[in-house]
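# Take this sequence and fold it.
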Amino acid sequence: MQTVLSRCVLINFPSVDKERLFEYIKTNHPDEIENSELLNSLCQGVIGELEKILSDPDYFSLREESFKMLSPLLSKHKITAYSITSFLEEHKEKTEQIFDFWISFLRDIMMLKNKNSKNIINQDMQEDIRKLSQSIDDNFPIIALEQLFVAKTMLRKYVNLHNLSLNLSFSIKKRLYQK
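As a prediction, this is how the structure comes out:
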């Protein structure tokens, strides 16, 4: 394996600029032109991500459900850990995507807390994100992000999802509300 890896070259492709992405959408997905701003923001200029979004009929509904679960995730009430676990188990094949949604929402919360609304990824949900950001302390997004990155690593190592989700929820609550 090391022999193969030693001969590999990592090639980074830059993101596509807004105009090129708009042209791509116009050519390949003309029915999505009016959503091009949001799609550009969500895919961050990566055409492969754009294609994943547009080919997933459940993308936007799962994203919305994931946002609704962010408040329970950040809640001090321990019982909400079980609703988070149920939600993740219900969508077990999309757990990593849900984590990515939560990461983008928490990123947007940090942007809003720093008065930077023009760089929000989830533009269509900005008002809901703003309301949530006003209801939590400034350190909450950072602590939750740290725990989500740990959970993503654990998920890739095939840790039991039930245990992983409870650990995620309880560790966030412990770190946020420890006195």
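# Tell me where this protein has helices.
2-6, 18-28, 36-43, 47-55, 59-74, 80-90, 95-113, 126-134, 140-156, 161-177 (DSSP state H).
# which one is the most centrally placed residue in the chain nearest to, not counting chain neighbours?
What sits nearest the mean C-alpha location of the chain, by Cα atoms, centre = their mean, is residue 101, with 2.0 Å. Among residues not flanking residue 101 along the chain, residue 66 sits closest, at 4.0 Å (Cβ to Cβ, 6 or more residues apart in numbering). (Each C-beta comes from the backbone N, C-alpha and C, glycine too.)
# Which residues lie in contact with residue 170 in this structure?
78, 81 (Cβ atoms under 8 Å, 6 or more residues apart in numbering).
# pLDDT at it, what is it?
Looking at residue 170, its pLDDT stands at 94.
# roughly how far apart are it and residue 126?
Between residue 170 and residue 126 the distance is 30 Å, computed by Cβ to Cβ, to the nearest Å.
# Ok, residue 171 next?
Counting by Cβ to Cβ, the separation of residue 171 from residue 126 is 28 Å.
# re earlier: who's in contact with the residue nearest to the centre of the chain?
Applying Cβ under 8 Å, 6+ apart, the residues near residue 101 are 62, 63, 66, 67.
# okay if I get these as JSON lines plus distance to residue 166, pLDDT and neighbour count?
Shown next, in JSON lines, are those (distance: Cβ to Cβ, whole Å; pLDDT from 0 to 100; neighbours: other Cβ atoms under 10 Å):
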{"residue": "62", "distance to residue 166": "21", "pLDDT": "98", "neighbour count": "16"}
{"residue": "63", "distance to residue 166": "23", "pLDDT": "98", "neighbour count": "21"}
{"residue": "66", "distance to residue 166": "18", "pLDDT": "98", "neighbour count": "22"}
{"residue": "67", "distance to residue 166": "21", "pLDDT": "98", "neighbour count": "18"}
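# closest to residue 108 among those residues?
residue 67 (10.1 Å; Cβ to Cβ).
# rewinding a little: and the contacts of residue 101, which two are furthest apart?
Across the contacts of residue 101, no pair lies farther apart than 62 and 67, at 9.8 Å, counting by Cβ to Cβ.
# Ranking helices and strands of the chain by mean pLDDT, which lands last?
helix 2-6 (a mean of 72; mean pLDDT, DSSP states H and E).
# In this protein, where is pLDDT below threshold?
1-2, 5, 179 (pLDDT under 70).
# Now do residue 78 against residue 174, distance only.
Counting by Cβ to Cβ - residue 78 and residue 174 are separated by 9 Å.
# should've said residue 46
Shown here: residue 46 relative to residue 174, a distance of 35 Å by Cβ to Cβ.
# again, but for residue 168
Applying Cβ to Cβ, the value for residue 168 to residue 174 is 11 Å.
# The two - which one has more neighbours?
residue 168 (25 against 13; other Cβ atoms under 10 Å).
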